[in-house]
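Visitor: sharing a model prediction with you, sequence too.
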Amino acid sequence: MANAFQFPSRTSNLSLIRQDPPTAAAEAARAEPARAATPEPGALSAARELSSRFAAYEESLEKLKRINEEMRLRLAEGRQG
């Protein structure tokens, strides 16, 4: 599967630099592929998976923080009692 984005060649970049700015801008607009390309299904799936894992991580972290606070309170009560 080919990537939707391809980098322009080095020589095309140099030729754009040597041109006057309006011509260079017009040439660059024609030369560069659209950056807002539709993401590949695999990339979208991977992004969803990472998002899901991160949400689960945050939930687990909050649970651990609550457990830690409970243990801290129990320890403080044990030292006082």
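Guide: Yes, it's here. Numbers count the residues shown, from 1 in each chain.

Visitor: retrieve the pLDDT associated with Ser12.
Guide: pLDDT, Ser12: 55.

Visitor: which parts of the protein are helices?
Guide: Along the chain, the stretches classed as helices by DSSP state H are 10-18, 21-31, 41-80.

Visitor: tell me the buried residues in stretch 52-61?
Guide: For stretch 52-61, the neighbour count (16 or more other Cβ atoms under 10 Å) marks no residue as buried. (Each C-beta comes from the backbone N, C-alpha and C, glycine too.)

Visitor: average pLDDT for it?
Guide: pLDDT averaged over stretch 52-61 gives 96.

Visitor: got the CA positions of that stretch in CSV?
Guide: C-alpha atoms of stretch 52-61 as CSV (Å, rounded to 0.1, in the frame of the first residue of the first chain):
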residue,chain,number,x,y,z
SER,A,52,-8.9,3.3,23.9
ARG,A,53,-5.8,2.1,25.7
PHE,A,54,-5.0,5.6,26.9
ALA,A,55,-8.5,6.0,28.4
ALA,A,56,-8.1,2.6,30.1
TYR,A,57,-4.7,3.8,31.5
GLU,A,58,-6.2,7.0,32.8
GLU,A,59,-9.0,5.0,34.5
SER,A,60,-6.6,2.6,36.1
LEU,A,61,-4.4,5.5,37.3
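
Visitor: which other residues reach it?
Guide: Residues outside stretch 52-61 that contact it (Cβ atoms under 8 Å, 6 or more residues apart in numbering): none are found.

Visitor: residue ranges with poor pLDDT in the protein?
Guide: 1-40 (pLDDT under 70).

Visitor: gap between Ile67 and Gln80?
Guide: 21 Å (Cβ to Cβ, to the nearest Å).

Visitor: now do Ser45
Guide: Spatial separation of Ser45 from Gln80 under the definition Cβ to Cβ is 53 Å.
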